[in-house]
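> I need the structure of the sequence given here:
(one chain, ligands or ions: 2)
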Amino acid sequence: MSHSAAPQPMIARRSGPLQGEARVPGDKSISHRALILGALSVGETHITGLLEGQDVLDTASAMQAFGAQVERLGIGEWKVNGVGVGGFAEPAGVIDCGNSGTGVRLIMGAMATTPITATFTGDASLSRRPMGRITDPLELFGCEVTAREGKRLPVTIKGTADAVPVRYKTPMASAQVKSAVLLAGLNSPGETVVIEAEPTRDHTERMLAGFGATITTEKTDQGYVITLQGRPELKPQPVAVPRDPSSAAFPVAAALIVPGSEIRVPGVSRNPTRDGLYVTLLEMGADITFENERVEGGEPVADLLVRHGPLKGVTTPEDRAASMIDEFPILSVIACFATGTTVMQGVKELRVKESDRIAAMVAGLRANGASVDETEDTMTVHGTGALAGGGTAVTHLDHRIAMSFLVGGLASEQPIGVDDGRPIATSFPDFLPLMTALGAQIA
Ligand SMILES: O=C(O)C1=C[C@@H](OP(=O)(O)O)[C@@H](O)[C@H](O)C1
Ligand SMILES: C=C(OP(=O)(O)O)C(=O)O
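Ligands and ions are numbered 1, 2, ... in the order given. This is a model prediction of the structure:
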């Protein structure tokens with residue numbers, strides 16, 4: 001990552017009512033995929049609303065290293081001249097994916113069935129995260145993998161010239177695993193099939209279909225069966241990236257917990273595979289209305305109108321976890337300001353994100369006076385309608401942990417600090433000016 005070397009402590013203080021419009025950045029998942037599919041298409045893909053966070057910028061650099069032409073035309077406006085399925089060139093140097101699990105895992109899939117060799121690295125956080133979940137299924141296609149102990153980065157993949165199609169049941173709910181297998185399947189003959197027990201975000205499937213691949217999803221008794229026909233010629237499409245519901249969660253949460261607030265968040269994706277937080281907030285009694293529901297760039301979007309009001313604790317069931325997997329840190333903060341207990345079930349995947357997010361939230365919330373419990377697979381918050389604050393949270397290079405505690409500090413009695421705000425730039429580079437413009441006191 002290209003941020004400064006020294007940690008950047010930040011602090012959030014109790015703020016007056018938040019008001020105004022929060023134009024959150026483009027969706028991170030869709031932005032990565034637009035660059036990767038653009039690079040795998042023949043011709044020019046024009047992208048608007050691209051998230052210009054460090055995670056996505058690292059994917060843009062990687063696509064250039066594999067031979068695509070990637071050019072920034074203006075704010076969020078990019079063009080990619082692709083090399084076609086199977087057309088990746090061998091990169092001259094190591095591919096550094098910074099802090100991004102999505103970037104490294106999808107790109108590994110995209111190159112594994114092309115006869116080139118690439119080595120992938122990342123920052124300290126990404127280097128701790130498991131890569132076997134990707135390299136194990138990629139080896140089934142016939143590529144050769146070498147990795148550090150525990151199947152961690154750095155990982156080197158020697159892609160195969162003679163890929164065989166794969167049928168793979170994902171052992172955990174992961175859109176990154178599903179997507180890596182599908183992207184590898186692009187340059188394999190015949191059908192590549194991924195089966196998942198619970199649906200995970202479906203942006204890869206939607207975008208592949210948009211770029212002309214033949215791909216179907218069927219619900220069967222085995223689960224969701226996704227079938228991709230190999231070796232399509234991908235045709236460039238204009239991609240209008242909707243605003244990211246995972247980033248929207250932070251100003252939305254702030255408006256819900258700061259008394260008197262009323263904000264609007266326009267153009268947010270309401271893809272049902274990403275909607276779990278919003279379903280949960282409505283169950284908690286949140287005052288959110290979804291206006292102007294429409295389809296933009298193949299994704300359902302709406303304008304959110306959010307007002308402060310009383311909230312009550314709820315239980316989020318295991319089968320909802322995938323649709324809100326990145327939103328549990330901020331939900332655990334919101335749950336402190338609700339009355340009653342909030343139980344988050346089936347959340348063990350949080351332990352292998354940019355940090356162990358259950359451990360990081362439990363430690364930081366306790367340091368700020370909350371009553372929180374954890375098991376391997378659950379997190380429980382005993383909400384009192386208030387949070388004392390006065391503590392500093394350790395963020396472990398995790399953007400969502402940093403933003404969650406800064407939002408909590410806007411409504412806690414005493415300020416809440418975070419040890420390092422630099423990782424926020426990976427997904428939400430304008431977090432500070434956007435929140436400040438709403439009236440948030442963050443510095
Ligand atoms: O495919 C994607 O774009 C993502 C999938 C999720 O990860 P997993 O696949 O590991 O659950 C999510 O946490 C991540 O922020 C983005
Ligand atoms: C888990 C996340 O991202 P990634 O896996 O791409 O690092 C996230 O953005 O919360």
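> give the contact list for the residue of the chain found nearest ligand 2.
Per Cβ to the nearest ligand atom, residue 101 is where the chain lies closest to ligand 2, at 2.8 Å. Backbone N, C-alpha and C define where each C-beta goes, glycine included. Listed by Cβ atoms under 8 Å, 6 or more residues apart in numbering, the contact partners of residue 101 are 126, 129, 176, 353, 354.
> who are the neighbours in contact with the third one?
Residues in contact with residue 176 (Cβ under 8 Å, 6+ apart) are 101, 102, 105, 106, 133, 134.
> all helices for the stretch 201-350 of the chain, in order.
With DSSP state H, counting those that start in this stretch, the ranges of helices along the stretch 201-350 of the chain come out as 203-210, 245-257, 276-283, 328-336.
> what comes up buried for the second one?
Going back to what we said before, that points to helix 245-257. 245-257 (16 or more other Cβ atoms under 10 Å).
> Near ligand 1, which residues of the stretch 201-350 of the chain? Just list them.
The stretch 201-350 of the chain comes close to ligand 1 at residues 201, 325, 326, 349, as judged by Cβ under 6 Å from any ligand atom.
> still on that earlier bit, so which of the contacts of residue 176 sit within strands?
Mapping the contacts of residue 176 onto strands (DSSP state E) picks out no residues; all lie outside.
> Could you tell me which of those residues count as buried?
101, 102, 105, 106, 133, 134.
> Now narrow those residues to whatever sits close to ligand 1.
101, 102.
> Low-confidence ranges, the stretch 201-350 of the chain, go.
Of all residues in the stretch 201-350 of the chain, none has pLDDT under 70.
> So which residues of it form strands?
215-220, 223-229, 239-240, 262-269, 287-296, 299-307, 315-316, 339-345 (DSSP state E, counting those that start in this stretch).
> mind putting the helices of the stretch 201-350 of the chain in CSV, distance to residue 433 included?
Output for these, formatted as CSV (distance: least, Cβ to Cβ, whole Å):
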stretch, distance to residue 433
helix 203-210, 27
helix 245-257, 12
helix 276-283, 23
helix 328-336, 19
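> Compile those helices into a markdown table and extend it with columns for distance to ligand 2.
Listed next are those as a markdown table, based on distance: least, Cβ to the nearest ligand atom, whole Å:
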| stretch | distance to ligand 2 |
| --- | --- |
| helix 203-210 | 12 |
| helix 245-257 | 7 |
| helix 276-283 | 12 |
| helix 328-336 | 8 |
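> which stretches of the stretch 1-150 of the chain form strands?
Counting by DSSP E, counting those that start in this stretch, the stretch 1-150 of the chain has strands at residues 10-13, 19-21, 42-48, 69-74, 77-83, 95-96, 117-121, 144-148.
> and among those, the most buried is which?
Comparing those by mean neighbour count (mean count of other Cβ atoms under 10 Å), strand 95-96 comes out on top with a mean of 23.
> for that strand, packing partners?
For strand 95-96, the packing partners by 3 or more Cβ pairs under 8 Å, 6 or more residues apart in numbering; DSSP states H and E come out as helix 54-65, strand 117-121.
> Please repeat the previous calculation with a cut-off of 10 Å.
Packing partners of strand 95-96 (3 or more Cβ pairs under 10 Å, 6 or more residues apart in numbering; DSSP states H and E): helix 54-65, helix 101-111, strand 117-121, strand 152-158.
> deepest of those, which one?
Scoring the helices and strands packed on strand 95-96 by mean count of other Cβ under 10 Å, the most buried comes out as helix 101-111, with a mean of 27.
> how about the CA coordinates for it, as PDB?
Only the C-alpha atoms of helix 101-111 are listed here, as PDB (Å, rounded to 0.1, in the frame of the first residue of the first chain):
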ATOM      1  CA  GLY A 101      -8.100 -10.300  -0.300                       C
ATOM      2  CA  THR A 102     -10.500  -9.900  -3.200                       C
ATOM      3  CA  GLY A 103      -7.800  -8.600  -5.500                       C
ATOM      4  CA  VAL A 104      -5.200 -11.300  -4.900                       C
ATOM      5  CA  ARG A 105      -7.700 -14.200  -4.900                       C
ATOM      6  CA  LEU A 106      -9.600 -13.200  -8.000                       C
ATOM      7  CA  ILE A 107      -6.400 -12.400  -9.900                       C
ATOM      8  CA  MET A 108      -4.900 -15.800  -9.000                       C
ATOM      9  CA  GLY A 109      -8.000 -17.400 -10.500                       C
ATOM     10  CA  ALA A 110      -7.900 -15.300 -13.600                       C
ATOM     11  CA  MET A 111      -4.300 -16.300 -14.400                       C
END
